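> sharing a model that was predicted from the sequence below.
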Amino acid sequence: MSRTVGVLALQGDVREHVAALTACGVRAVPVRRAAELAAVDGLVLPGGESTTMSRLLGVFDLYEPLRAALADGLPAYGSCAGMILLASRILDTRADARHLDALDITVRRNAFGRQVESFETDLDLVGITDTAGAEPMRAVFIRAPWVEDVGAGVEVLGTVPSGPAAGRIVAVRGGNVLATSFHPEVTGDLRVHQYFVEML
Ligand SMILES: NC(=O)CC[C@H](N)C(=O)O
């Protein structure tokens, strides 16, 4: 039976993730309520604005159920704002922004700074672009966070290859939780979504 993957649908790049997941052969459904959350095999937390999503998690009574589902091992993939929400520690956020503490990393919001708020680069990603003959992945960063440090048990999957931010961590996996600073849903390259579907 095909797996069902939810996309947290409070704000942000929801449709693009639903389309990418559908193209990977799973059933993709928007999630706005706890009952919908209970019916999925995995959850994508899209890019958007993390403090807004954090507030909406409270408005939709999803914060506690989602935190509990993640603590119970629900596989999750967070992109950009989604990475911020999943992190255990956040630098440069609002004091009242709640997060889900599901991935033992420290992220810095809007880390790439004003001049390069949005940029693209080619990335090599462990487990994703390292098969024979595979191309690097074109990665789109939009006012993106980077990962300042990772805890034991979190694997670094990718870093910025060159430029002022060379070496900064932008893709990680800790157990059932995957996160990228960039937006794979906007390029048509399905490899990050495929990797996540294989984690289910
Ligand atoms: N593209 C994005 O998701 C941007 C994230 C946004 N800067 C935030 O802090 O939430």
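Looks like it arrived, so ask away.
> OK, contacts around the nearest residue to L45 once chain neighbours are set aside?
Nearest residue to L45 in three dimensions, chain neighbours excluded: G82, at 3.0 Å (Cβ to Cβ, 6 or more residues apart in numbering). C-beta here means a position set from N, CA and C on the backbone, and glycine is covered the same way. Contact analysis of G82 by Cβ atoms under 8 Å, 6 or more residues apart in numbering lists L8, G12, V44, L45, P46, G47, G48, S50, M53, A179.
> repeat that with 10 Å
Contacts for G82 (Cβ atoms under 10 Å, 6 or more residues apart in numbering) come out as 7-8, 12-13, 17, 43-48, 50, 53, 76, 100, 178-180, 183.
> for it, give its distance to the ligand.
To the ligand, G82 is 7 Å away according to Cβ to the nearest ligand atom, to the nearest Å.
> and A179, by the same measure?
Applying Cβ to the nearest ligand atom, the value for A179 to the ligand is 11 Å.
> check whether that residue really touches W146, as I assumed.
No. The pair A179 / W146 is not scored as a contact, 11.1 Å apart, by Cβ atoms under 10 Å.
> for V116, give me the pLDDT.
Listed pLDDT for V116 reads 65.
> after the strand or helix carrying the residue nearest to L45, next one along is what?
Using DSSP states H and E, G82 sits in helix 81-86. For helix 81-86, the following helix or strand on the C-terminal side (DSSP H and E) is strand 87-91.
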